[in-house]
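In: sharing a sequence plus its predicted fold:
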Amino acid sequence: MWVKPFVKSILLITVFRTLFYQFLLIVVGLAIGFTLNAEYIGWKSSIVAQSFNNIFFPVEFDQDVCRKLKGWGAFRIWAELDRPTNFKILEDGLAAEEFYIAKISYTNSNGKTITDIKSTRIRWKPWEYYYTDPTPLTEEELWGYIDNGTLNSKETDKAFKLRKEKMLNESAKIRT
């Protein structure tokens with residue numbers, strides 16, 4: 001009579017001991033694996049976290065972002081021109097939230113004041129922005145966008161106007 005409970009308790013202890021050691025081996029193996037490959041796991045985890053944020057919490061293009069991108073574009077053009085003196089932005093525009101076009105005036109190294117139109121591309125969007133499939137607009141929404149526009153479309157119009165002026169100036173230089 002006393003054998004049945006004793007055998008049951010031994011079987012129960014054996015099962016729990018086996019499960020305990022298996023889980024212990026798994027935890028120890030994961031700890032050692034993480035410790036030996038921390039740099040690989042570490043930089044991968046930050047990429048995954050940033051991708052998650054970029055996909056589910058995207059940055060909206062608003063006036064602050066537009067202002068900052070224009071500042072970055074002006075700085076890049078100033079730096080590409082080898083940091084000229086009296087550098088001024090006369091007119092600027094941002095096409096498609098990335099292409100900065102500016103009409104500038106600056107004094108070159110010879111002391112001559114030059115007015116020119118320069119452009120640069122500012123890639124500020126993460127890679128996930130380029131792989132999204134936006135929902136197509138209906139005809140009413142498209143005409144509303146064309147008629148009323150948004151901050152981005154007005155900026156794009158200004159940038160295209162400057163681009164057209166630049167192309168006309170270049171074609172006039174070629175003719176003369």
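Out: Arrived safely.

In: can you report how many residues lie near the residue lying closest to Trp78 once chain neighbours are set aside?
Out: For Trp78, ignoring the flanking residues on the chain, the nearest one in space by Cβ to Cβ, 6 or more residues apart in numbering is Phe87 at 5.2 Å. For the C-beta atoms, the positions are set from N, CA and C on the backbone; glycine is no exception. Neighbours of Phe87 under the rule other Cβ atoms under 10 Å: 15.

In: report all helices and strands that the helix or strand where Gly93 lies contacts.
Out: Element membership for Gly93 (DSSP states H and E) is strand 85-95. Contacts defined by 3 or more Cβ pairs under 8 Å, 6 or more residues apart in numbering; DSSP states H and E place strand 85-95 against helix 63-80, strand 99-107, helix 151-175.

In: show me which residues of the shortest one are buried.
Out: To tie it back to what came earlier, the one meant is strand 99-107. Using 16 or more other Cβ atoms under 10 Å as the test for burial, strand 99-107 gives Phe99, Tyr100, Ile101, Ala102, Lys103, Ile104, Tyr106.

In: any idea of the mean pLDDT in the strand holding Gly93?
Out: Within the predicted structure, the mean pLDDT of strand 85-95 is 92.

In: and if you look at stretch 53-67?
Out: For stretch 53-67, mean pLDDT is 84.

In: lowest-confidence helix or strand of the chain?
Out: Ranking every helix and strand in the chain by mean pLDDT, DSSP states H and E puts helix 139-148 at the bottom, with a mean of 71.

In: show me how the record splits this structure into domains.
Out: 3-56, 63-175 (automatic domain parsing).

In: helix or strand right after the top helix by length along the chain?
Out: Longest helix of the chain, by residue count under DSSP state H: helix 3-36. As assigned by DSSP H and E, the chain's next helix or strand after helix 3-36 is helix 38-56.

In: distance between that following helix and the chain's centre?
Out: Offset of helix 38-56 from its chain centre (Cα atoms, centre = their mean, to the nearest Å): 14 Å.

In: residue contacts, Lys161?
Out: Residues in contact with Lys161, defined by Cβ atoms under 8 Å, 6 or more residues apart in numbering, are Gly93.

In: now the residue nearest to Trp78: how far from Glu140?
Out: Separation of Phe87 from Glu140 (Cβ to Cβ, to the nearest Å) stands at 45 Å.

In: cool, Val27 as well?
Out: In this structure, Val27 and Glu140 are 59 Å apart, going by Cβ to Cβ.

In: what about the chain, any weak spots by pLDDT?
Out: 1-7, 41-43, 130-137, 142, 145-152, 176 (pLDDT under 70).
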